[in-house]
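J.: I would like the atomic coordinates for the input below:
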Amino acid sequence: MNRDNKEYEYQQFVEDATGSKGESRKWRIVSYPFGRYLVKLKLGRANEFLEIVEISLNKDLLSEEQKIALKGYHDVGSYYTEE
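T.: Okay, here's the model as predicted:
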């Protein structure tokens, strides 16, 4: 009986929480890079397309090849020699 009471109290706490009276989210927004653009899509629970929310320019101007080239190793110890 005590356990059922605690579960009921927890369920009441969750139901009475701030913002719990609003509409449940039946969708999610996903950012998808497309060329020079960043497209934000609204997808349903089963990942079905609902609508395009926003299209903006991609601020990251580097291509994938340029990003990979930046992840190299640079030995700066050779520049500093003791005299």
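J.: Figure out the helix or strand that Glu65 lives in.
T.: helix 64-70 (DSSP states H and E).
J.: Kindly report the same for Ile29.
T.: strand 27-34.
J.: what's the span of stretch 33-40, first residue to last?
T.: Length of stretch 33-40, first residue to last, CA to CA, to the nearest Å: 9 Å.
J.: Show me which residues of it are buried.
T.: Leu38, Val39 (16 or more other CB atoms under 10 Å). (C-beta placed from N, C-alpha, C; glycine too.)
J.: still on that earlier bit, list the buried ones in the helix holding Glu65?
T.: Of all the residues in helix 64-70, not one is buried under the rule 16+ other CB under 10 Å.
J.: what is the rounded mean pLDDT of the strand holding Ile29?
T.: On average, the pLDDT along strand 27-34 is 88.
J.: likewise stretch 42-61?
T.: Averaged across stretch 42-61, the pLDDT comes to 87.
J.: Only C-alpha atoms, please: export it in PDB.
T.: The C-alpha coordinates for stretch 42-61 follow below in PDB (Å, rounded to 0.1, in the frame of the first residue of the first chain):
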ATOM      1  CA  LYS A  42      10.000  19.500 -38.500                       C
ATOM      2  CA  LEU A  43       9.700  15.700 -38.200                       C
ATOM      3  CA  GLY A  44       6.900  13.700 -36.600                       C
ATOM      4  CA  ARG A  45       7.300  10.900 -34.100                       C
ATOM      5  CA  ALA A  46       7.900   8.300 -36.800                       C
ATOM      6  CA  ASN A  47      10.400  10.600 -38.500                       C
ATOM      7  CA  GLU A  48       7.900  11.600 -41.200                       C
ATOM      8  CA  PHE A  49       8.500  15.000 -42.800                       C
ATOM      9  CA  LEU A  50       6.000  17.700 -41.600                       C
ATOM     10  CA  GLU A  51       7.400  21.000 -42.800                       C
ATOM     11  CA  ILE A  52      10.400  23.200 -43.400                       C
ATOM     12  CA  VAL A  53      10.900  25.500 -40.500                       C
ATOM     13  CA  GLU A  54      13.800  27.600 -41.500                       C
ATOM     14  CA  ILE A  55      16.500  27.900 -44.200                       C
ATOM     15  CA  SER A  56      19.700  29.800 -43.300                       C
ATOM     16  CA  LEU A  57      23.200  30.200 -44.700                       C
ATOM     17  CA  ASN A  58      25.700  27.800 -43.200                       C
ATOM     18  CA  LYS A  59      28.200  29.900 -41.200                       C
ATOM     19  CA  ASP A  60      30.800  27.100 -41.400                       C
ATOM     20  CA  LEU A  61      32.400  28.000 -44.700                       C
END
